[in-house]
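Novice: Okay, predicted coordinates and the sequence, questions at the end:
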Amino acid sequence: SSLFSLAQTQLRQADIYLRVAEQRLQAEQKALALLESAQVAARRAQVLQDKAQSLGDWNLVVASWQTAINRAREVDIDTTSFPHSREQLETYLSYFVKTQARQQQEAKAENYLKKAKELATSAEKYQKNQEWTLAISQWSKAIAYLQQAPPQTFSYASAQVLATQY
C-alpha cells in the first residue's frame with residue numbers, strides 16, 4: 001500500500017510520544033512521592049518538637065526538618081508538584097531556622113552546665129587541699145557559667161539549683 005511508509009512513520013512517532021508520556025508519568029510519580037515524604041518528615045518534626053525535652057530531642061527535630069527540606073528540594077522543576085514543593089520548602093525552612101536556634105540554645109546551656117560541674121569538681125579538690133583562693137576562683141567561674149544558661153532551656157532549672165548550691 002502507498003500508505004504503508006506513512007503508517008510506519010506515524011507508528012514510530014506514536015512510540016516516541018508514548019515513551020515521553022511514560023517518562024513524564026514517572027517524573028510526576030517521583031515528585032508526588034518526594035512531596036509526600038517531605039510532608040511525613042515535617043509532621044514527624046512537629047510531633048517531636050511538641051514532645052522535646054532535651055538536647056537529643058531537639059537534635060531529632062532539626063534532623064527531621066532537614067529531611068523535609070531535602071525532600072522538597074528534590075522535586076523536579078518540570079513537574080506539576082514543583083510549585084507546591086516550593087511553598088512547603090519556605091515553610092520548612094522557617095521552622096528549621098527556629099528549631100535550629102533552639103537546639104543551639106540547648107547545646108549552650110548543656111555546655112555551660114558541664115563546664116560548671118567540671119569547675120566545681122576542681123574547686124572541691126582545691127578545698128580539700130586548703131587552697132582557698134583557687135577554690136573560690138573555681139566556684140565563682142562555675143557560678144558564672146550557670147548564670148549564662150538561657151531561661152527557656154531545659155538545663156536552666158538545674159543550673160539555678162546548682163548556682164544556689166555553689
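Specialist: Received it, and whenever you're ready, just let me know what you need.

Novice: Let me know the helix or strand that the residue nearest the centre of the chain is in.
Specialist: With distances taken as C-alpha atoms, centre = their mean, Val62 lies nearest the centre of the chain, 1.7 Å away. Assigned by DSSP states H and E, Val62 belongs to helix 55-73.

Novice: in that helix, what's buried?
Specialist: Neighbour counts over helix 55-73 (16 or more other C-beta atoms under 10 Å) mark 55, 57-69, 71-72 as buried. Bear in mind the C-beta positions are built from the backbone N, C-alpha and C, glycine included.

Novice: Which members of the residues you listed define the maximum pairwise distance?
Specialist: For those, the farthest-apart pair by C-beta to C-beta is Leu55 and Ala72; their separation is 26.0 Å.

Novice: Would you confirm that Gln138 contacts Ser122?
Specialist: Yes: with contact defined as C-beta atoms under 8 Å, Gln138 reaches Ser122; the gap is 4.8 Å.

Novice: Show me which of these two is the more surrounded one.
Specialist: Gln138 (23 against 17; other C-beta atoms under 10 Å).

Novice: Now that one. Nearest residue, chain neighbours left out?
Specialist: Nearest residue to Gln138, sequence neighbours excluded (C-beta to C-beta, 6 or more residues apart in numbering): Ala123, at 3.5 Å.

Novice: okay, now that neighbour: neighbour count?
Specialist: 21.

Novice: Cool, thanks, signing off.
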